[in-house]
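> Turn this into a structure:
(chains A and B, ligands or ions: 2)
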Amino acid sequence: MIRFLLKGILRDRSRSILPIIIISIGVMLTVALSGYMRGAFGDMIDQNARFSTGHVKIMSKAYAENQDQIPNDLALLGIGEMVEGLQQDYPDVEWVPRIRFGGLLDVPDESGNTRAQGPAAGMALDLLSPSSTEIERMNIDKSIVSGRVPQNPGEAIIGDEFARKLELSLGDVFTYFGTTMEGSMTFKSFTVVGTIRFGSIGMDKGMVIVDVSDAQMMLDMEDGAGEVLGFLKGGVYKDEVAVEMATAFNARYEGDEDEYAPEMFPLKAQNNLEGLLEYGETMSGLFVFIFVLAMSVVLWNTGLLGGLRRYNEFGIRLALGEAKHQIYRSMILEATIIGIIGSIVGTLIGLGLSYYMQVVGIDISEMITESSMIMPTVIRSKITPELFYIGFIPGVLAMVFGNMLAGRGIYKRETAKLFKELEV
Amino acid sequence: MDTQPIISLSDVSKRFPVGDGEFTALKNINLSFQKAEFAGLVGPSGSGKTTLLNIIGSLDSPSEGKAVVMGKSISALSHRESALLRNHHIGFIFQIYNLLPVYTVFENVEFALLLQNRSADERKKAVMEALDWVGLSSMAHKRPDKLSGGEGQRVAIARAMVKRPAILLADEPTANLDAENAHIVLKMMKKLNKELDTTFLFSTHDEKVMKYLDRIVHLRDGKVEEDEIITTQQAAS
Ligand SMILES: Nc1ncnc2c1ncn2[C@@H]1O[C@H](COP(=O)(O)OP(=O)(O)O)[C@@H](O)[C@H]1O
Ligand SMILES: [Mg+2]
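Ligands and ions are numbered 1, 2, ... in the order given. Okay, the predicted model is just below:
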């Protein structure tokens, strides 16, 4: 019987083409959009992890509470020992200290007077130790626009645009003005050895990158760091692992009244990422829901038209001894077949589009110039396993659901009126 | 007539709702047909022929009275049971719209057997035999739109007969045929009636058909006007 129905579907194109087109378009949109959202959110998480949050991050309780103000007076101390201990406790995680710092960049002219000034968003990471993983993690090599990575103390990389604004060239010297951990004034000179562009608005603004030991010295925080970031080996964020780790770690310091006691935060708990991810998921879910609903209504109507067109066919089949429920069932079966065909076509096209968007991407830097969020300026799709069913299942469901509604007409018709035109 | 009739109608009436009231299409019909009869309901348009055939074919049920077909009371059948009765024991031929246009001649004839879950081999054998009865074996893989009206009606006969039903109901089967094709079709049906002992019941107002009938039931305004048995000598064969 399935063979029989298949023949009907293939030969009577008018029965199948329209629904297949409708389903294909809907499924394609779902797949492509989901792929794009996944790519966007995935990249965003990845960038946040690398640049800011780690997969987990340890800060002192007090530092964490005022993180926005970068309160280095509340930084963690005894970092060397701490990282070593962490490395032992969690061999599957890479631990790296980072210091963020604000301050003023001052560029002197030949006579030592200020030529240009600008607020800096400093970041200190381990650039100089041979075993450092940070250069690769931050993708510094590839993001460098000119020059090179610092190889000696006293060298710095600064944001490409920032450099242009301050008219700083490679080899120039600038002075950093800021406050130490204790709150007294400090300044230190750096030589520009490279300019960089991460392609992330939040990161590139006023960016200054120096080695962590330089920062410790200049901020008077010996063996201290504002943050210790942990990265799961393999580089992929796993929420359950991170949450579990943080919970276990924090349990050790429970009841500790010391505001300098360390606290671990999983990625999601930082930078509003949880809300963002939930927002993304809600939007995807909403889209799929609206799509199923709209498609169902459209397919319901096509199903109704199809039912009218096939009135005589059903009449013959009733006369030949098919019961109404059998005809209904075969309509649903046909709908399923058509739904599957349409969904396969739509999924393939959607995957193709996603692949294209994964390679090419859309540059959104113009749209988000004001944003301080860490997000990539070129958003690319990401093909994940879910894309293979995220449109497929709703596509089939919409077709089946629409036809279940449309097919109810078969139960309403009078068996005795086999043919419509005869009545005219 | 000592055997149980294959179709028996007692006091059958049929009313259709029309507007606020009702229209009586059949009034107190009392008729019975024996196995292997070749009979016709004859009457002008609107006299209730189709309505009566539909009731006998379990596509409709009487408003009053009792219609018993193959020992089953039509009004008591569920949708499933009436479908089963049609599928196994009753063949239909209509004036037009007989064939499913997207399927080949073979597939059209095969359909009834598919519903009976017969094996592919069995189906093939039966279908080819049925097409042979109507002389269309060579057309098996043609689509209905490639057939002439006469050929189409012969395929309809093959499809109705392939399951060897006890009863064949033909609603004005020759109305769209020219004289020559009408005679071909009628001869084939008469032959099958003799060979397979199938009860044939026509509705018609075609003189050509009447010549072949062994019994003519005259209907007028939903009532039996006359039930006329034609002797074997009179009936053409
Ligand atoms: N479903 C129906 N609803 C209302 N009236 C009907 C219906 N079916 C048939 N009739 C009426 O019943 C009468 C008999 O119809 P029918 O059995 O088709 O006549 P015939 O086949 O002899 O031409 C006609 O007047 C027709 O209009
Ligand atoms: Mg009629």
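> count of residues packed around whichever residue of chain B sits closest to chain A?
In chain B, the residue that lies nearest chain A is B:N87 (2.5 Å; Cβ to the nearest Cβ). C-beta: built from backbone N, CA, C; applies to glycine. By other Cβ atoms under 10 Å in any protein chain shown, 20 other residues sit near B:N87.
> wait, what's in contact with the closest residue to it other than its chain neighbours?
Using Cβ to Cβ, 6 or more residues apart in numbering or on different chains and skipping the chain neighbours, the partner closest in space to B:N87 is A:G321 (2.5 Å). A:G321 makes contact with B:A83, B:L84, B:L85, B:R86, B:N87, B:H88, B:I90, B:A112, B:L115 under the criterion Cβ atoms under 8 Å, 6 or more residues apart in numbering or on different chains.
> go with 6 Å
By Cβ atoms under 6 Å, 6 or more residues apart in numbering or on different chains, the contact set of A:G321 is B:A83, B:R86, B:N87, B:L115.
> cool, and B:H218?
Counting by Cβ under 6 Å, 6+ apart, B:H218 has contacts B:V42, B:G43, B:E225, B:E226.
> So what's the residue count around the nearest residue to the second one once chain neighbours are set aside?
The spatial neighbour of B:G43 that comes closest, neighbours along the chain excluded (Cβ to Cβ, 6+ apart), is B:L219 at 3.6 Å. Other residues within reach of B:L219, judged by other Cβ under 10 Å, total 24.
> My reading is that B:L219 lies in a strand. Confirm?
Yes. Looking at B:L219 with DSSP: H, G, I helix; E, B strand; the rest coil, it is inside a strand.
> Roughly how far does it sit from B:T204?
11 Å (Cβ to Cβ, to the nearest Å).
> just the contacts of A:G321 now: which is nearest B:E180?
Nearest to B:E180 out of the contacts of A:G321 is B:R86 (Cβ to Cβ; 31.3 Å).
> Phi and psi next, for the residue of the stretch 201-350 of chain A found nearest chain B.
Going by Cβ to the nearest Cβ, chain B is nearest to A:G321 of the stretch 201-350 of chain A, at 2.5 Å. Torsion angles at A:G321 (phi, psi; degrees, to the nearest 10) stand at phi 110, psi 20.
> residues near A:R11, how many?
14.
> And for A:E254?
Counted with other Cβ under 10 Å, A:E254 comes out at 7.
> Figure out the helix or strand that it lives in.
Take DSSP states H and E as the rule and A:E254 turns out to sit in neither a helix nor a strand.
> Also B:L168?
B:L168 is located in strand B:167-171, with elements delineated by DSSP H and E.
> where does the closest residue to ligand 1 within the stretch 1-150 of chain A land in three-state SS?
Using Cβ to the nearest ligand atom, the single residue of the stretch 1-150 of chain A nearest to ligand 1 is A:R15, 27.5 Å away. On the three-state scheme (three-state DSSP), A:R15 is labelled helix.
> per-residue confidence at it?
Listed pLDDT for A:R15 reads 80.
> Please, where are all the strands along chain B?
B:7-18, B:21-33, B:38-42, B:64-69, B:72-73, B:90-93, B:167-171, B:199-204, B:215-220, B:223-229 (DSSP state E).
> mind giving me a markdown table with those strands and columns for mean pLDDT and distance to ligand 1?
A markdown table is the format used below for the strands of chain B (pLDDT from 0 to 100; distance: least, Cβ to the nearest ligand atom, whole Å):
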| stretch | mean pLDDT | distance to ligand 1 |
| --- | --- | --- |
| strand B:7-18 | 95 | 3 |
| strand B:21-33 | 95 | 3 |
| strand B:38-42 | 96 | 8 |
| strand B:64-69 | 96 | 15 |
| strand B:72-73 | 95 | 21 |
| strand B:90-93 | 95 | 14 |
| strand B:167-171 | 96 | 7 |
| strand B:199-204 | 96 | 6 |
| strand B:215-220 | 96 | 7 |
| strand B:223-229 | 93 | 12 |
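> now A:L397, nearest residue through space, not along the chain?
Nearest one to A:L397, counting by Cβ to Cβ, 6+ apart, is A:V292 at 6.1 Å.
> meant to ask about A:I23, not that
Nearest one to A:I23, counting by Cβ to Cβ, 6+ apart, is A:G342 at 2.9 Å.
> Could you tell me the model confidence score at the one you found?
94.
> do A:P262 as well
Per-residue pLDDT puts A:P262 at 93.
> measure it to ligand 1 for me?
84 Å (Cβ to the nearest ligand atom, to the nearest Å).
> would you list every one of the helices in chain B?
Counting by DSSP state H, chain B has helices at residues B:49-56, B:79-89, B:105-115, B:120-133, B:149-161, B:179-196, B:207-212.
> Columns mean pLDDT on top of the ones you listed, output as JSON lines?
Listed next are the helices of chain B as JSON lines, based on pLDDT from 0 to 100:
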{"stretch": "helix B:49-56", "mean pLDDT": "96"}
{"stretch": "helix B:79-89", "mean pLDDT": "94"}
{"stretch": "helix B:105-115", "mean pLDDT": "94"}
{"stretch": "helix B:120-133", "mean pLDDT": "95"}
{"stretch": "helix B:149-161", "mean pLDDT": "94"}
{"stretch": "helix B:179-196", "mean pLDDT": "94"}
{"stretch": "helix B:207-212", "mean pLDDT": "91"}
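> Among the ones you listed, which comes closest to ligand 1?
Ligand 1 lies closest to helix B:49-56 among those, at 3.2 Å (Cβ to the nearest ligand atom).
> in terms of contact count, name the helices or strands touching the closest one.
Contacts defined by 3 or more Cβ pairs under 6 Å, 6 or more residues apart in numbering or on different chains; DSSP states H and E place helix B:49-56 against strand B:167-171.
> partners of the strand it packs on in the sheet?
strand B:90-93 (parallel), strand B:199-204 (parallel) (DSSP bridges).
> TSV please, covering the ones you listed and showing mean neighbour count.
Formatted as TSV, the strands paired with strand B:167-171 follow (neighbours: other Cβ atoms under 10 Å in any protein chain shown):
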stretch	mean neighbour count
strand B:90-93	26
strand B:199-204	26
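> got those strands as TSV, with distance to B:I184 columns?
Formatted as TSV, the strands paired with strand B:167-171 follow (distance: least, Cβ to Cβ, whole Å):
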stretch	distance to B:I184
strand B:90-93	14
strand B:199-204	16
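> Any regions of chain A where pLDDT drops low?
A:365-375, A:420-424 (pLDDT under 70).
> Get me the contact residues on it for chain B.
Residues of chain A lying near chain B by Cβ under 6 Å from any Cβ of the partner chain: A:1, A:8, A:11-12, A:312-313, A:319-324, A:415-416, A:419.
> buried ones in stretch B:189-200?
For stretch B:189-200, a neighbour-count test (16 or more other Cβ atoms under 10 Å in any protein chain shown) marks B:M189, B:K190, B:L192, B:N193, B:T198, B:T199, B:F200 as buried.
> on that earlier part again, which pair in the contacts of A:G321 spans the largest distance?
Within those, B:R86 and B:L115 form the most distant pair, 9.5 Å apart (Cβ to Cβ).
> For the residue nearest the centre of chain B, name its beta-bridge partners.
For chain B, the residue nearest the mean C-alpha position is B:L169 (1.0 Å; Cα atoms, centre = their mean). With DSSP bridges as the criterion, B:L169 is bridged to B:F92, B:L201.
> tell me how far the ends of stretch A:195-207 are from each other?
9 Å (Cα to Cα, to the nearest Å).
> Pull out the buried residues from that stretch.
Neighbour-count burial for stretch A:195-207 [16+ other Cβ under 10 Å]: A:T195, A:I196, A:R197, A:F198, A:G199, A:S200, A:I201, A:G202, A:M203, A:D204, A:G206, A:M207.
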